[in-house]
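A.B. asks: Next comes the sequence, and after it the predicted model I'd like to discuss.
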Amino acid sequence: MQLDEKKKIVEGLCEIFSKSKVLIVTDYKGLNVVSINELRRKLREADVEYKVAKNSFLIRASEDTDVALIKDNFKGPVAIAVSYNDPVAPAKILMEFAKDFEKLEIKAGVMDGKALDLNAIKALAALPSQEVLLSMLLSVLNGVPTSFVTALSNIPKKLLNVLQAIKEQKEAA
C-alpha cells in the first residue's frame, strides 16, 4: 500500500472520529463471516457504521481527537462501531449481540470526550432509545400546561363556592 493511500485512510478515520457522537471498540476474534455480516446489518439498520482497520491507522487517526483516550484498546483484531446521531443504539445492539455471540468482546468506548468502560457501555445500553426519551419529554412538557390550565380553571369555581357559602350564611342569620 502506498503512503498516499495510507494517509487517505488515516484522514478518513480522523474525520469519522471527530464527527462521531459515540465510538465503541470491539474485539471480533473468533466470529465467523456470517455472524459479522449479521452484526453489520443490525448496526446499519440503526445508522451505525462498523469498521475494521489496522491498529496503527486507528492509533494515528485518534491523535488530536477524543478517541485518543482509548487508543490503548487498539490491540489485536478490533473493529469500531460509530454513531453520528444516537449514542444509545450501538451500545444496545452490541450488548444484545454479545449475549448471543460470546466471542464478541466489547472493550471500551468514547462519548462526549469521556472514556467509557464496559460498565458505562452497559449502562448506556440500558437507556431507552432516543424516540422513547423524546416521547417521555413531550408527555412531561404537555402535562405542565394541562395542569396549569386545570389549576386556573379551579380558581373561579372555588371563589363561587366561597361566595355561595357566604350568601347561605347571611341568609341563615
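C.D. replies: Sure thing, it's come through. Numbers count the residues shown, from 1 in each chain.
A.B. asks: CA atoms for contacts and neighbours, from now on please.
C.D. replies: OK.
A.B. asks: Quick one: end-to-end distance for stretch 43-60.
C.D. replies: 25 Å (Cα to Cα, to the nearest Å).
A.B. asks: hmm, who's touching that stretch?
C.D. replies: Contacts with stretch 43-60, where a contact means Cα atoms under 8 Å, 6 or more residues apart in numbering, come from 6, 9-10, 13, 40, 68, 71, 74-76, 78-84, 89-90, 93.
A.B. asks: and the nearest residue to A61 once chain neighbours are set aside, what does it touch?
C.D. replies: Spatially, and ignoring its direct neighbours in sequence, A61 is nearest to C14 (4.6 Å; Cα to Cα, 6 or more residues apart in numbering). Contacts for C14 (Cα under 8 Å, 6+ apart) come out as A61, S62, T65.
A.B. asks: my read: the first one touches E11, true?
C.D. replies: Yes. Using Cα atoms under 8 Å, A61 and E11 qualify as a contacting pair, with a distance of 6.7 Å.
A.B. asks: burial count for L39?
C.D. replies: 16 (other Cα atoms under 10 Å).
A.B. asks: quick one: pLDDT of it?
C.D. replies: At L39, the pLDDT value in this model is 90.
A.B. asks: Tell me which residues touch it, please.
C.D. replies: L94, F97.
A.B. asks: That one: what secondary structure?
C.D. replies: helix (DSSP: H, G, I helix; E, B strand; the rest coil).
A.B. asks: And I16, how far from F57?
C.D. replies: Taken as Cα to Cα, the span from I16 to F57 is 13 Å.
A.B. asks: for N37, same thing?
C.D. replies: 23 Å.
A.B. asks: Among these two, which residue is more densely surrounded?
C.D. replies: In terms of neighbours (other Cα under 10 Å), F57 is the more surrounded of N37 and F57; the figures are 17 against 12.
A.B. asks: on that earlier part again, any chance of CSV for the contacts of C14, columns distance to A98?
C.D. replies: Formatted as CSV, the contacts of C14 follow (distance: Cα to Cα, whole Å):
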residue, distance to A98
A61, 27
S62, 25
T65, 27
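A.B. asks: Could you check how far the helix or strand harbouring R44 is from the centre of its chain?
C.D. replies: Following DSSP states H and E, one finds R44 within helix 33-45. Computed by Cα atoms, centre = their mean, to the nearest Å, the chain-centroid distance of helix 33-45 equals 19 Å.
A.B. asks: The protein - how does it break down into domains?
C.D. replies: Domain ranges of the chain: 3-127, 129-173, per automatic domain parsing.
A.B. asks: isn't A68 right up against F74?
C.D. replies: No. Between A68 and F74 there is no contact under Cα under 8 Å: 10.3 Å.
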